[in-house]
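# only the shape, not the letters, is given here:
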């Protein structure tokens with residue numbers, strides 16, 4: 001039984017069937033011929049095969065996909081409103097802190113609100129929009145380019161972005177190239193026939209730290225560096241039963257991957273990441289910490 005989900009903009013249907021993930025354009029004249037193969041299972045095991053199974057649209061506007069097995073990863077479609085490879089399908093892009101047995105959280109559309117003039121609108125409530133958005137840095141080689149995604153609810157119809165550098169956009173999900181590194185106050189105002197709402201966040205662009213700290217008793221060796229697909233971590237002073245948590249961030253400080261293992265050694269599959277410079281932060285359960293820099297070529 002394949003998994004299925006529809007994009008937030010209701011245009012694209014995603015079908016997962018074991019080893020394939022397909023996208024269909026529901027607005028095409030011929031939906032069947034609009035089929036695009038987004039990905040084929042790459043054989044990754046964690047600890048067993050992570051075949052494609054159920055799909056779920058989450059409140060952050062992304063699609064998450066689990067596996068029909070007991071594994072500790074999930075697959076993710078980062079931009080499901082976009083066609084083809086632009087939707088950014090990432091296999092095993094979410095590292096779970098524990099094993100998950102087939103299950104998938106259920107997120108109904110809590111915030112649809114009553115349709116004005118419909119039998120559901122018995123109280124005469126207006127759908128006042130509520131603004132919200134997220135941002136991501138996809139290209140670590142162009143860290144000043146930011147992708148913004150609207151997450152506003154209650155049927156917004158107009159979007160007005162202020163990027164904090166005397167420029168803006170009226171697109172729903174714009175991209176913006178900043179002129180220089182810094183912290184920018186980004187504001188989104190959304191409107192519909194019932195009202196207006198706005199929200200703002202400070203967005204840090206192109207700012208990173210390359211300082212490395214290795215506390216006494218915790219020495220970390222990472223190889224190869226630069227790497228292409230797999231990073232091998234060796235940590236001294238860690239017993240086989242101790243848990244090690246690692247977070248990988250791009251140079252803009254955004255988390256791009258995370259993993260957990262027990263013991264002093266682990267091989268981390270990172271072939272899905274784009275080329276660029278990344279910072280890792282490693283922590284043990286007893287509070288010891290180390291950070292460092294790696295380069296993917």
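Happy to help now that I have it. Note that this is a predicted model, so its numbers are computed, not measured.

# got any ranges where the stretch 151-297 of the chain has weak pLDDT?
207-217 (pLDDT under 70).

# 80 instead?
For the stretch 151-297 of the chain, the stretches with pLDDT under 80 are 206-218, 239-243, 251-254, 262, 285-287.

# and the strands in it, which stretches?
Here the stretch 151-297 of the chain has its strands, by DSSP state E, counting those that start in this stretch, at 158-162, 168-169, 175-177, 182-192, 195-205, 220-223, 230-235, 243-250, 255-262, 265-269, 276-284, 289-296.

# what's the angle from the last one to strand 230-235?
For the pair strand 289-296 and strand 230-235, the angle between their directions (axes from the mean of the first three to the mean of the last three CA atoms, to 10 degrees) equals 160 degrees.

# for strand 289-296, packing partners?
strand 220-223, strand 276-284 (3 or more CB pairs under 8 Å, 6 or more residues apart in numbering; DSSP states H and E). C-beta: built from backbone N, CA, C; applies to glycine.

# go again with 6 Å.
strand 276-284 (3 or more CB pairs under 6 Å, 6 or more residues apart in numbering; DSSP states H and E).

# quick one: buried residues of the strand it packs on?
276-284 (16 or more other CB atoms under 10 Å).

# tell me what that strand is packed against?
Short answer (3+ CB pairs under 6 Å, 6+ apart): strand 276-284 packs on strand 243-250, strand 289-296.

# most neighbours per residue, which of those?
strand 243-250 (a mean of 19; mean count of other CB atoms under 10 Å).

# pairing partners for that one, with directions?
strand 255-262 (antiparallel), strand 276-284 (antiparallel) (DSSP bridges).

# how is this protein divided into domains?
3-101, 133-205, 220-296 (automatic domain parsing).

# got the end-to-end distance for stretch 138-153?
One end of stretch 138-153 sits 25 Å from the other (CA to CA, to the nearest Å).

# may I see the buried residues of it?
138, 140, 143-153.

# out of those residues, which is nearest to residue 179?
Residue 179 lies nearest to residue 144 out of the buried residues of stretch 138-153, by CB to CB, at 7.5 Å.

# wait, what's in contact with the closest one?
177-178, 205-206 (CB atoms under 6 Å, 6 or more residues apart in numbering).

# could you redo the last one with a cut-off of 10 Å?
137, 176-182, 205-206, 252 (CB atoms under 10 Å, 6 or more residues apart in numbering).

# which residues does the closest residue in space to residue 148 that isn't next to it in sequence contact?
Spatial nearest neighbour of residue 148, chain neighbours left out: residue 135 (5.0 Å); criterion: CB to CB, 6 or more residues apart in numbering. Contacts for residue 135 (CB under 10 Å, 6+ apart) come out as 146-149, 175-176, 186, 201, 203-205, 252, 254.

# phi first, then psi, for residue 135.
phi -140, psi 150 (degrees, to the nearest 10).

# how near is it to residue 50?
28 Å (CB to CB, to the nearest Å).

# pLDDT score for the residue nearest the centre of the chain?
Closest to where the C-alpha atoms of the chain average out (CA atoms, centre = their mean) is residue 78, at 5.2 Å. pLDDT recorded at residue 78 is 91.
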